[in-house]
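# build me a model:
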Amino acid sequence: MLRVCAAAAALFASLALASPALGQQFTATPTAEDFAREYPQAAREAGLGGNVEIRCRANREGELTNCRVESETPPGMGFGDAGIRMMQYFRVSPPEPEMGRTVSRPIVTIPLHFTMAPATPPTPAPPAQPEAPN
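Below you'll find the model as predicted:
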């Protein structure tokens, strides 16, 4: 079973908007199930976690478009592609006017951390009780 680590949960509270002065907030973020669904197959098979930073433009509906990978660790394990797919789960509030001008397509930068939950060992059976002598 895959899970989002505590650091990634805290990450949602501090996702980096490239233009924080615009007053935008995330109105939707991915769930642990979304992370599990988009987890890169190569990394899953290798038991690896990874990090990716995605940079997008936010449209007027709050969707993230024109996304690109800014960084990916480890490279070649599919975290960049997974990060791009994760952008479908994010929404941002409409941009607020800045100095009287409407900013129609602000830039949003989102760092993501993927990790696999440690395997849970099976619960051991209770110790056998010796039978009472007859």
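# can you name the next helix or strand after the helix or strand harbouring M86?
M86 belongs to helix 79-86 when assigned by DSSP states H and E. Next helix or strand after helix 79-86 toward the C-terminus (DSSP H and E): strand 91-92.
# and that following strand, what other elements does it pack with?
Contact analysis of strand 91-92 by 3 or more Cβ pairs under 8 Å, 6 or more residues apart in numbering; DSSP states H and E lists strand 26-28 as its packing neighbours. Quick note: C-beta positions are derived from backbone N, CA and C, even for glycine.
# buried residues in the strand it packs on, which are they?
Judged by neighbour count (16 or more other Cβ atoms under 10 Å), strand 26-28 contains these buried residues: F26.
# for stretch 38-55, same thing?
38-40, 43, 48-55.
# inside strands: which ones of those residues?
50-55 (DSSP state E).
# what helix or strand is S71 located in?
Per DSSP H and E: strand 64-73 holds S71.
# coming back round to it: which of the buried residues of stretch 38-55 sit farthest apart?
The distance between the two most remote of the buried residues of stretch 38-55 (Cβ to Cβ) is 23.3 Å, for L48 and R55.
# which one of the ones in strands among the buried residues of stretch 38-55 is nearest Q88?
Distances from Q88 to those, taken by Cβ to Cβ, are shortest for I54, at 11.5 Å.
# pLDDT of the strand holding S71, averaged?
Averaging pLDDT along strand 64-73 gives 96.
# got the CA coordinates for it in CSV?
Provided in CSV are the C-alpha atoms of strand 64-73 (Å, rounded to 0.1, in the frame of the first residue of the first chain):
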residue,chain,number,x,y,z
LEU,A,64,-3.2,24.1,-13.8
THR,A,65,-2.1,24.0,-17.5
ASN,A,66,1.1,24.2,-19.5
CYS,A,67,2.9,22.2,-16.8
ARG,A,68,6.6,21.3,-16.9
VAL,A,69,9.0,19.4,-14.7
GLU,A,70,11.5,21.8,-13.0
SER,A,71,13.3,19.0,-11.1
GLU,A,72,13.0,15.3,-10.5
THR,A,73,14.8,13.0,-8.0
